[in-house]
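K.L.:
Structure, please.
(one chain, ligands or ions: 2)
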Amino acid sequence: MQKLRIIIVEDSEDDTMLMLHELQQAGYKSDYIRVQTAGAFKDALHNGPWDLIISDHALPNFGAPEALDILNKSNNDCPFIIVSNAIGEDVAVPAMKAGAHDYIIKNNLTRFIPVIERALQDSEARNDRKKVKRALRESEERFRRLAENAQDLIYRFSLVPERRFEYVSPSARELIGYTPEEHYANPKLICEIVHPEDSDLLKDLFLGKVELSQPLTLRWYHKDGSIIWFEHRNVPIYDEEGILIAIEGIARDITERVLNEQQLKTNHAQIEALSNRILNAMEDERSRLARELHDELGQALTAVKLDIQLLGDQVPATQALNQRLNQTIELVDYTINLVRRQSISLRPPALDDMGLLPAIDEMVRGFMNRTGIDTIVQSSGFSKRLPRPVETALYRCVQESLTNIARHAQAKKAKVSLKRENGLLSISINDDGVGFDPEEQKISAASIGLTGMQERIKLLAGEFTIESSIGHGTTVVIKVPWKNWPGEGKKL
Ligand SMILES: Nc1ncnc2c1ncn2[C@@H]1O[C@H](COP(=O)(O)OP(=O)(O)OP(=O)(O)O)[C@@H](O)[C@H]1O
Ligand SMILES: [Mg+2]
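P.N.:
Ligands and ions are numbered 1, 2, ... in the order given. As a prediction, the model looks like this:
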């Protein structure tokens, strides 16, 4: 049996019993209170909740209109049914308007149960709707609270019937200087504050022409005139016909990040320019020193040697003096040789006179003589000279690699390969020595050989890699794009 809590506004005990009987017959167990005055009705309402109010139209001191009035003021929307002796339209219509659910004539209770059941169903549906509405309001409030407190900018921009912000979170004031109200008041503000170079992008966004799966970066003018960068993550909103009607999104201020990146790029460019200048200056200085050693010191020493020989011829000498003279000439010869070797190692004339490949050949011969490491040079596709800075950089890289092999590799064999293929000039220097772990190489002032090579190759827009592991030898691989270098064409 379904239980019903009912207030019955009725002065007749018999009528009350009749109605309760009808309810019982229909399967309802009534828990009721019968009231006859406004005061008693108010008290009863207060002690609810109630499922139903059944009221006679006119009691001696009370009646349905007054009860309805009290009910409406109490904010309680319990279904209210008038069960009365015959009442005219003039009474029924205002009662219905005041919120009565229905009215029934006492001497014909056939509609009594159906009316009650419909009223109960309506009330239940009303309560359900209320619950849904409340849940919706709560969730809306939750989201609004989140949006209102978010540091990022959250917005909904409608595109039809007109382009305007439907929502902008309060963070707008701090992020771009304009309050949400300023955006609502002036729908064109968004087009006025977008950076001119990004305004086409903004228009494309409004037209649905921008791919929204990726974040979109736009520049805006802050109210204070500064430029700010926002990363927008937008979601397109379509109507049932698939027409883009709004854009919802979150914008994050990435100005600091962008400025840092720009600064970093400038710093890199400056460092690159600086290392370029240092490398060039170093090379020039080496050439100058090599020339001076060869030309000035070499010639002066040769003159000293000739003078000593002349002296020896002219001065009558003892055997001891002759011996001393010969020793001195030998020393001068040795020094001339030393100066020549130093001059060559500073800047090998072969590099300037004959080019990279002959210079490398010469270097490898010297390397084998000094170290005893069996080294071969292989080349293919080399038939032209390269510009001096390119030849120098590549020569120095091979030189440093061979020096590393001599110093660290404990190798038996080594190979230098030069290849020109697929638009690339590749050089690899390989040894079968002890190898090392390139990942473990820390940047340190004590070992700048590898870093220096890397820098030189970077300046040629090339790639520098080291393939090495402990016990498996080392291969240095250099790849430089084979451009139409200025000065290319002179045959090797
Ligand atoms: N061919 C090689 N075989 C084994 N280890 C190597 C080889 N080449 C480089 N290494 C390792 O890498 C380290 C770094 O080499 P890098 O040329 O940068 O510095 P370095 O030779 O020690 O000093 P320098 O600055 O005088 O060149 C070396 O100290 C060595 O441990
Ligand atoms: Mg080194």
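K.L.:
Can you read off the pLDDT for Asn484?
P.N.:
Confidence at Asn484, expressed as pLDDT, is 61.
K.L.:
before we move on, what about Pro349?
P.N.:
Value for Pro349, per-residue pLDDT: 86.
K.L.:
Can you give me the neighbour number for it?
P.N.:
14 (other C-beta atoms under 10 Å). From N, CA and C alone the C-beta is placed, and that goes for glycine too.
K.L.:
From Thr255, how far out is it?
P.N.:
Distance, Pro349 to Thr255, by C-beta to C-beta, to the nearest Å: 56 Å.
K.L.:
Kindly report the same for Gly63.
P.N.:
The value you get for Gly63 to Thr255, if C-beta to C-beta is used, is 72 Å.
K.L.:
same thing with Asn127?
P.N.:
Distance from Asn127 to Thr255, by C-beta to C-beta: 52 Å.
K.L.:
How about Ala406?
P.N.:
Going from Ala406 to Thr255 by C-beta to C-beta gives 52 Å.
K.L.:
repeat for Ser426
P.N.:
Counting by C-beta to C-beta - Ser426 and Thr255 are separated by 43 Å.
K.L.:
and what of Tyr32?
P.N.:
Taken as C-beta to C-beta, the span from Tyr32 to Thr255 is 71 Å.
K.L.:
the more surrounded of Asn127 and Thr255?
P.N.:
Neighbours were counted for Asn127 and for Thr255 using other C-beta under 10 Å; Thr255 has more, 17 against 11.
K.L.:
wait, what's in contact with that one?
P.N.:
Counting by C-beta atoms under 8 Å, 6 or more residues apart in numbering, Thr255 touches 227-229.
K.L.:
Just send these back as TSV, with neighbour count, secondary structure and distance to Lys73 too.
P.N.:
Shown next, in TSV, are the contacts of Thr255 (neighbours: other C-beta atoms under 10 Å; DSSP: H, G, I helix; E, B strand; the rest coil; distance: C-beta to C-beta, whole Å):
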residue	neighbour count	secondary structure	distance to Lys73
Ile227	12	strand	59
Ile228	21	strand	55
Trp229	19	strand	58
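K.L.:
Out of the residues you listed, which is nearest to ligand 2?
P.N.:
Checking these against ligand 2 with C-beta to the ion, the nearest one is Trp229 at 43.3 Å.
K.L.:
sec struct for Lys419, please.
P.N.:
With DSSP: H, G, I helix; E, B strand; the rest coil as the basis, Lys419 sits in strand.
K.L.:
isn't it right next to Ser380, touching?
P.N.:
Yes - using C-beta atoms under 8 Å, Lys419 is in contact with Ser380, at 5.4 Å.
K.L.:
More neighbours: which of those two?
P.N.:
Lys419 (16 against 10).
K.L.:
And that one, how far from Ile478?
P.N.:
As defined by C-beta to C-beta, Lys419 lies at a distance of 11 Å from Ile478.
K.L.:
who touches both of these two?
P.N.:
Common contact partners of Lys419 and Ile478 (C-beta under 8 Å, 6+ apart): 426-427.
K.L.:
does the residue nearest to Gln25 when sequence neighbours are not counted sit in a helix or strand, and which one?
P.N.:
Sequence neighbours aside, Ile113 is the residue nearest to Gln25 in space, at 8.0 Å (criterion: C-beta to C-beta, 6 or more residues apart in numbering). Secondary structure from DSSP states H and E places Ile113 in helix 112-149.
K.L.:
residue closest to the middle of this structure?
P.N.:
Pro215 (8.3 Å; C-alpha atoms, centre = their mean).
K.L.:
for the stretch 101-250 of the chain, what spans make up the strands?
P.N.:
For the stretch 101-250 of the chain, applying DSSP state E, counting those that start in this stretch gives strands covering 102-105, 153-158, 164-168, 216-221, 227-238, 244-253.
K.L.:
typed the wrong thing, it's the stretch 351-492 of the chain
P.N.:
Under DSSP E, counting those that start in this stretch, the stretch 351-492 of the chain gives strands at 374-380, 413-421, 424-431, 463-468, 474-481.
K.L.:
Serialize the ones you listed to CSV and add fields for mean pLDDT and distance to ligand 2.
P.N.:
Below are the strands of the stretch 351-492 of the chain laid out as CSV (pLDDT from 0 to 100; distance: least, C-beta to the ion, whole Å):
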stretch, mean pLDDT, distance to ligand 2
strand 374-380, 95, 17
strand 413-421, 94, 15
strand 424-431, 95, 12
strand 463-468, 94, 12
strand 474-481, 95, 11
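K.L.:
closest one to Leu52 among those strands?
P.N.:
strand 463-468 (85.9 Å; C-beta to C-beta).
K.L.:
buried residues in the closest one?
P.N.:
464, 466, 468 (16 or more other C-beta atoms under 10 Å).
K.L.:
So it, near ligand 1 or not?
P.N.:
No - Strand 463-468 lies out of reach of ligand 1 by C-beta under 6 Å from any ligand atom, never closer than 6.6 Å.
K.L.:
Tell me the helices and strands packed up against the host helix or strand of Ile81.
P.N.:
Using DSSP H and E, Ile81 maps to strand 80-84. With contacts taken as 3 or more C-beta pairs under 8 Å, 6 or more residues apart in numbering; DSSP states H and E, strand 80-84 sits against strand 52-55, helix 64-73, strand 102-105, helix 112-149.
K.L.:
can you give me the angle the following helix or strand past it makes with helix 64-73?
P.N.:
Next helix or strand after strand 80-84 toward the C-terminus (DSSP H and E): helix 89-97. Per axes from the mean of the first three to the mean of the last three C-alpha atoms, to 10 degrees, the angle that helix 89-97 makes with helix 64-73 is 10 degrees.
K.L.:
Residues touching helix 89-97, excluding its own?
P.N.:
Against helix 89-97 from outside (C-beta under 8 Å, 6+ apart): 57, 64-65, 68, 82, 102-103.
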